[in-house]
Every structure is written in structure tokens, then in C-alpha cells.
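In: Here you go, sequence then predicted model.
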Amino acid sequence: MVGLFTNLQGEIEPKEAFSIEKTLYCGQLFRFYFKDGVFFLPYLNSLLKLEEKSSTIYYSVFGEALSDLQIKKILGLNHSINKINSYLAKRDPRFKIVIEFANGLRIMSLPPYETAISFIFSIQSSIPVIKKRLNTLSEYAGHCIEIGGEKFHLFPKSSDLKSLSKKEISLLKLGFREKFFAEFIKKYDETFFENLKQLNYEEKRKELLKIKGIGEKVGQCILLFSLDELSAFPVDVWIKRGMKYFFNEVGTERKLSETGRKIFGEFAGYAQEYMYYFLRFSDVKTC
DNA sequence: CGCCAGGACAGCC
DNA sequence: GGCTGTCCTGGC
């Protein structure tokens, strides 16, 4: 249990397009719950409850307090989305249809330690599988918050994970990812990632790629979702198809990522998430 | 049951 | 630097 419950409440009126659904279902965050029109998001020592009613966001915070400003930052509501959209449309007008379709999606600002583990778990895995692994881990080692008889588990701290037994690790069924995870929790903690924030893009990227289990794609996801690098451009199989479909570009992940960053500049990460959302949820088939 | 989806890495050139 | 084979689980 996390201390005494605070139960802060408030509301946010987004000034520009914002959709909780698009933001949560685009694969940046795996662990959230949806029930009766309400979303629950574990975030560090807090549980955030969100409800969208006629474009107002009503929130409650359980566990550790979060300010209005912090919540906006977590949800990407601090980004000037109209400016970003017109910037991207200008960089490549062929992309307008994608921007239109995904409008409302925001890049979140997530805790890097958890994000790193989440994307190590994501290697060669589908979203439901990733979610199950992360939930199991949180149930073993994370703090629990109970609301109205419903239990929610926060993501474990580095200090919790260092004491995981071999057996508990094996129950996560990580397969070949297990060795990456076991080494990761031994060698890294939250502070390591907080310190990365002071480096520039290329330095951060290099540091991440030194970690076993973090390659080009996973590294760029961590940069984009948790290390304030909106120009990162992670290339997975979807984006690979998309780059061919929209720009007739092919090549390695590294090369396509550089191409995407050249086309879309400082907000390439938004273009990447928009593209992912479009490829997965629009009717347009690219292969 | 077989088949497929999904990235990192070592080993090779 | 790029290419190839291998690694494992769960859903269909």
C-alpha cells in the first residue's frame, strides 16, 4: 500500500485536439485499464483516473499527489498540437490524411525506467502479451492501490526488482528476453535514466544502445516516450511498411529512422505515432 | 495441430 | 557498415 490515500480531483479543458483513446491505444503505454468509460493509469506512485465528457477531462489522483501541470505533461497536453500538425503537413503534404486521421493523439511523458523495461518486454511480442508480462511483474513486486474493492498495482521500483527471485523472473515467461531483463534490473535504476535527460539526443541514444536488449527500435521508443525527444522515430514492422507506402523508402531500421527524422524534423516522433495509428486503425491497407 | 507475428544480437562477410 | 539465422510465447 502506498501511504495514505489522497484523492485529488480536478478537470482539464484541452485548448486543442485531445483524445484519450487515441493517446492510449497507440502503443506508447501498455498498462492502463478501461472500465465503464473510465481509464485508470498507474504512474509512478500514483493512480490516475481519467474520464472524458464532452471534451472536458475529469481526473482523480490516488496515492501520491500529482499537480494539474504534471498531469498535463504526462498526457502531452503541454504540446502545441496545432503548430505541430501544420509543421508536419508542411514538411510533407502527402501526410495530411494521416495527421487528420490521428488528430488528438498525444505523445505522453512516461517514466523512463518503466518504459525501458516495457519495451524490452515488447521485443517480438504482441501488445496483449506485453501487457500480461508487465501486469504479472507489477503484481509480484509493485505496490497495490485499492479503490472500491478493485486492486491496481503500481509499477515496481528498481529497489523492488533487485530482490526478485529467479523463480519469480521465470514465471514472467519472458523467453529469450529473460536474460536481458535479469541483467537490466541488476545494472540499472531510475537514477541512471534521470541522468540521461541531461544529455543530447545522440548521447542519450548511444547510452541506451549499450544496454543489452535495447536496439535501435526499442531505444527510440524510450527516447520518444520518456526522455523528451520528440524527434525520435522508432521503426517497427508497421512503420517499415508505412515508409514504403508513403515515401517509397526501404532499408534497415537505422536508415529508415534517419530518413523519417529528416523528413519530419523536430516533431518526427509525432509523425511516427500518427503513422502507426493510421496504419493500424484506418481502412487503408498498405500490404 | 501448424502457422504466424514481433526485434535484438552474434557471427558472418 | 549490411545480411542471415536464431531466439520464445501466445493467439488463431
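Out: Looks like it arrived, so ask away.
In: start to end distance for stretch A:146-166?
Out: Stretch A:146-166 has an end-to-end distance of 28 Å (CA to CA, to the nearest Å).
In: residues in contact with that stretch?
Out: A:1-2, A:31, A:33, A:40, A:42, A:44-47, A:49, A:62-63, A:111, A:113-114, A:134-135, A:137-145, A:185-186, A:188-190 (CB atoms under 8 Å, 6 or more residues apart in numbering). From N, CA and C alone the C-beta is placed, and that goes for glycine too.
In: burial measure for the residue of the stretch 1-150 of chain A at minimum distance from DNA strand B, as a count.
Out: Residue nearest to DNA strand B within the stretch 1-150 of chain A (CB to the nearest atom of the strand): A:Gln124, separated by 3.0 Å. Residues lying near A:Gln124 (other CB atoms under 10 Å) number 8.
In: repeat for A:Ser231
Out: 19.
In: quick one on the thing from earlier: helix, strand or coil: sort out the residue of the stretch 1-150 of chain A closest to DNA strand B for me.
Out: Following DSSP: H, G, I helix; E, B strand; the rest coil, the label given to A:Gln124 is coil.
In: I'd guessed A:Glu266 sits against A:Leu230; true?
Out: Yes: between A:Glu266 and A:Leu230 there is a contact at 6.5 Å, judged by CB atoms under 8 Å.
In: neighbour-wise, which of these two wins?
Out: A:Leu230 (21 against 13).
In: What residues does chain A have near DNA strand B?
Out: A:122-126, A:176, A:180, A:209, A:211-219, A:236-238, A:253 (CB under 7 Å from any atom of the strand).
In: and the residue of the stretch 1-150 of chain A at minimum distance from DNA strand C, how far is that from A:Thr136?
Out: With CB to the nearest atom of the strand, the shortest gap between the stretch 1-150 of chain A and DNA strand C falls at A:Val129, namely 4.4 Å. Using CB to CB, to the nearest Å, A:Val129 is found at 11 Å from A:Thr136.
In: And the residue of the stretch 1-150 of chain A closest to DNA strand B, what's its pLDDT?
Out: Here the pLDDT value assigned to A:Gln124 is 92.
In: Ok, A:Lys15 next?
Out: Looking at A:Lys15, its pLDDT reads 93.
In: Where does chain A get nearest to DNA strand C, residue-wise?
Out: In chain A, the residue that lies nearest DNA strand C is A:Gly175 (2.5 Å; CB to the nearest atom of the strand).
In: How many neighbouring residues does that residue have?
Out: When neighbours are counted by other CB under 10 Å, A:Gly175 comes out with 11.
In: Okay, now the unreliable bits of the stretch 1-150 of chain A?
Out: Within the stretch 1-150 of chain A, the stretches with pLDDT under 70 are A:1-6.
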